[in-house]
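Q: could you work out the structure for the sequence below:
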Amino acid sequence: MRLRLIFVFSLILSSVALYAQEFNGLNVNMNNLYQLSDAKTRSISPENFTGEKGGGGRTTIEDGSAGAAARDLGLGWKTNPFIVIPADSVFELANIDGSGAIQHIWMTPTGNWRYSVIRIYWDDEKEPSVEVPVGDFFAAAYEYKQINSLAVCVNPGSAFNSYWVMPFRKKCRITMENIDTKPMRLYYQIDYTLTEVPEDAAYFHAQFRRVNPVKYKDVYTIVDNIKGKGQYVGTYMAWQSNNNGWWGEGEIKFFMDGDKQFPTICGTGTEDYFCGSYGFAIKGQYIDYTTPYAGFHVIRPEGDFTYKSQTRFGMYRWHVTDPIRFDKDLKVTMQALGWRSDGRYLPLKDDIASVAFWYQAEPHNAFPDFPSKDELEIN
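A: Here you go, the predicted structure:
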């Protein structure tokens, strides 16, 4: 039996390595890190806006955002480490031609994270495949909380990191819109590879939604109207409880490939889906946690009561080892449920926002209209 398990495990590792090798450098892990590849590594930042080979650190003292600080050192020193995006404007962070994949995004934006919107367009798209406020995209809608996961890391003091692999075949375009009334400063780096992309590689998508408040007896929709073949790979939720008491009895449901009234996948509770249990609490107190695939944190109002109204929560769940595959369509919902008297469920009217992450073959269906600034505001 032991030899059989070792054999099966070795087959799994071999298949992972072959799969990564097939990507020609797109998908690197500890099993194939030693393998040579013809992929070309490039990086875009304010010190090299185009990612051009040998193009970094060329900004002059006169033009650099930190030119004054480098005036005694000259060209080639730290002259342009950040950009300033004016109020109510869009800045193009990246415009990459060719085939390859985004492998890592790092940034540290100032200002209101809900008022900075990241968008990503694949190939010749006119509509984005990613459209999310920057804080929510990095699982940090409300304020800094450390996150240590495989797909996303948030590190001191406000360092956002994404490790989602994002293949493209013709072009990748990334923008940041500042919808605030004040300018924002942005440090950023986009690390990518230029290489061939296999035919079965799907495109990365991320969609934001918010309902404030959820209507009584309504079910919150994380995402719907996904059409095509793909796999769902993650959920982030920013949740404000508007009632005293426990708020997470609701179930997540995945309606796929023609499901109507009843889903194929039905969870057992909000904290269960995010890989916690019994109200995220020990001895009546919420406990933050951050793991490779799931995490939870709490932001308490004044008074620090565990089940007090206006408490806010951030939760992520990455389906890295258990992607939810669909062939034709997908809809994902989450119930908002608490407790009322006599042991009965109470449909809640909470403030809920979410980001759905998935891969699919293009074209994708158009996203809903993006919320206005007032509809995005956290108050």
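
Q: now the residue nearest the centre of the chain: phi and psi?
A: By CA atoms, centre = their mean, the chain has its centre lying nearest to F137, at 3.8 Å. Main-chain torsions, F137, degrees, to the nearest 10: phi -60, psi -40.

Q: thought it was touching N161?
A: No: taking contacts as CB atoms under 8 Å, F137 lies outside contact range of N161: 11.2 Å. In this view, the C-beta of every residue, glycine as well, is placed from N, C-alpha and C.

Q: hey, where'd the strands end up in the stretch 1-150 of the chain?
A: Assigned by DSSP state E, counting those that start in this stretch, the strands in the stretch 1-150 of the chain fall at 40-44, 83-85, 89-97, 100-109, 116-122, 130-133, 147-148.

Q: in JSON lines, list those along with distance to Q207, mean neighbour count and mean pLDDT.
A: Listed next are the strands of the stretch 1-150 of the chain as JSON lines, based on distance: least, CB to CB, whole Å; neighbours: other CB atoms under 10 Å; pLDDT from 0 to 100:
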{"stretch": "strand 40-44", "distance to Q207": "24", "mean neighbour count": "18", "mean pLDDT": "97"}
{"stretch": "strand 83-85", "distance to Q207": "23", "mean neighbour count": "17", "mean pLDDT": "97"}
{"stretch": "strand 89-97", "distance to Q207": "19", "mean neighbour count": "16", "mean pLDDT": "98"}
{"stretch": "strand 100-109", "distance to Q207": "17", "mean neighbour count": "21", "mean pLDDT": "97"}
{"stretch": "strand 116-122", "distance to Q207": "11", "mean neighbour count": "23", "mean pLDDT": "98"}
{"stretch": "strand 130-133", "distance to Q207": "7", "mean neighbour count": "24", "mean pLDDT": "98"}
{"stretch": "strand 147-148", "distance to Q207": "20", "mean neighbour count": "18", "mean pLDDT": "97"}
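
Q: now those as JSON lines including distance to G57?
A: Output for those, formatted as JSON lines (distance: least, CB to CB, whole Å):
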{"stretch": "strand 40-44", "distance to G57": "12"}
{"stretch": "strand 83-85", "distance to G57": "15"}
{"stretch": "strand 89-97", "distance to G57": "18"}
{"stretch": "strand 100-109", "distance to G57": "17"}
{"stretch": "strand 116-122", "distance to G57": "25"}
{"stretch": "strand 130-133", "distance to G57": "29"}
{"stretch": "strand 147-148", "distance to G57": "31"}
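
Q: go through those strands and name the closest to E362.
A: strand 116-122 (6.6 Å; CB to CB).

Q: in PDB, list the C-alpha atoms belonging to the closest one.
A: C-alpha atoms of strand 116-122 as PDB (Å, rounded to 0.1, in the frame of the first residue of the first chain):
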ATOM      1  CA  SER A 116      -8.600  53.600  -6.900                       C
ATOM      2  CA  VAL A 117      -9.800  51.100  -9.500                       C
ATOM      3  CA  ILE A 118      -7.500  48.600 -11.300                       C
ATOM      4  CA  ARG A 119      -8.600  47.400 -14.700                       C
ATOM      5  CA  ILE A 120      -6.900  44.700 -16.900                       C
ATOM      6  CA  TYR A 121      -7.600  44.200 -20.600                       C
ATOM      7  CA  TRP A 122      -6.500  41.100 -22.500                       C
END
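
Q: could you look up the SS state of G250?
A: Look at G250: counting by DSSP: H, G, I helix; E, B strand; the rest coil, its state is coil.

Q: that one contacts A336, correct?
A: Yes: in this structure, G250 is within contact of A336 by CB under 8 Å, at 5.2 Å.

Q: can you pull the residues that touch both of those two?
A: Listed as contacting both G250 and A336 by CB atoms under 8 Å, 6 or more residues apart in numbering are L348.

Q: so for the two, which residue has more residues nearby?
A: Taking other CB atoms under 10 Å, G250 and A336 do not tie; A336 has more neighbours (28 against 24).

Q: mind listing what the more buried one touches?
A: V214, V219, Y220, W247, G250, P347, L348, K349, D350, I352.

Q: narrow those to those in strands?
A: Y220, P347, I352 (DSSP state E).

Q: sweet, I'm off.
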